[in-house]
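1. Predicted model, plus sequence, below.
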Amino acid sequence: MSRGGQTKNREDGPERKCIATGEAQPKTGLIRFVLGPDGRIVPDLAGKLPGRGVYVSSDRKALDKAISKGLFQRSLKQPVKLPEGLLELLEQMLVRRVIDLISLARKSGDAVSGYEKVKDWLMKDQADVLIQATDGSERGKTKLSTPYGGTYIGWLSADELGMAFGRQSVIHAALGTGGLASRVVEEAQRLKGMRVPASKSGAKDTDRGGRGRRKGKEAS
């Protein structure tokens with residue numbers, strides 16, 4: 001139960017406190033860091049490395065605050081070394097995790113790419129997640145709609161999506177229900193915090209995607 005007397009929703013799993021914002025939230029929206037033997041901070045995206053961990057929201061502003069204000073050192077109560085270009089390193093690590101998961105989904109038959117195949121899956125209600133490249137044609141992207149109650153991901157480039165499907169570039173992709181879809185959405189959510197700035201209202205500004213997105217939701 002929270003201090004305000006309200007029961008917290010635990011459906012998203014265990015919570016941890018962000019050292020930058022001071023807010024507790026599900027681990028799925030945080031990045032864990034551990035202290036290596038050499039005193040260097042190490043990102044632990046899988047959450048499996050040994051040692052005491054500290055958590056920061058997967059958000060560029062929160063991470064920048066943790067770095068610039070010395071919050072890693074303060075939380076761990078000892079001097080630490082930060083890798084050069086930590087934010088860029090984190091972004092690329094998250095991109096690789098999303099790409100690898102989509103690739104695994106493709107190999108298991110739970111992901112397709114290309115306008116016609118994605119359209120076919122959407123029409124047959126076989127898709128739960130619509131993915132569209134940030135640098136794809138806006139006109140082309142509006143012709144596809146996010147599945148009702150499904151999820152939209154729109155912050156990977158065409159080249160990055162292409163890597164997941166063994167092609168040079170991909171604009172449209174879809175994930176089927178079940179399988180690895182939930183894990184892709186979870187990792188894409190963390191990547192979004194690194195790539196999509198928050199507006200003044202607190203909402204994320206992002207590519208608006210297909211015209212039917214209002215029926216589904218963004219990974220957020």
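-> Sure, I can see it.
2. residue ranges of the helices in this protein, please?
-> 60-68, 71-76, 86-107, 115-123, 138-141, 158-164, 181-195 (DSSP state H).
3. most neighbours per residue, which of those?
-> helix 181-195 (a mean of 21; mean count of other Cβ atoms under 10 Å). C-beta: built from backbone N, CA, C; applies to glycine.
4. average pLDDT for that helix?
-> For helix 181-195, mean pLDDT is 95.
5. So what angle separates the directions of it and helix 86-107?
-> Here helix 181-195 runs at an angle of 160 degrees relative to helix 86-107 (axes from the mean of the first three to the mean of the last three Cα atoms, to 10 degrees).
6. still on that earlier bit, reformat the helices of the chain into a markdown table and put distance to residue 151 next to each item.
-> Output for the helices of the chain, formatted as a markdown table (distance: least, Cβ to Cβ, whole Å):
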| stretch | distance to residue 151 |
| --- | --- |
| helix 60-68 | 22 |
| helix 71-76 | 32 |
| helix 86-107 | 13 |
| helix 115-123 | 13 |
| helix 138-141 | 15 |
| helix 158-164 | 15 |
| helix 181-195 | 5 |
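7. Residue 94 reaches residue 190, doesn't it?
-> Yes: in this structure residue 94 lies within contact range of residue 190 using Cβ atoms under 8 Å: 5.6 Å.
8. What's opposite the residue nearest to residue 36 when sequence neighbours are not counted in the beta bridge?
-> Nearest non-adjacent residue to residue 36, counting by Cβ to Cβ, 6 or more residues apart in numbering: residue 42, 4.8 Å away. Applying DSSP bridges to residue 42 gives these bridge partners: residue 34.
9. ok, residue 42 - contacts?
-> Applying Cβ atoms under 8 Å, 6 or more residues apart in numbering to residue 42 gives the contacts 33, 34, 35, 36, 49.
10. about what we covered before: what do residue 94 and residue 190 both touch?
-> Contacts common to residue 94 and residue 190, judged by Cβ under 8 Å, 6+ apart, are 45, 58.
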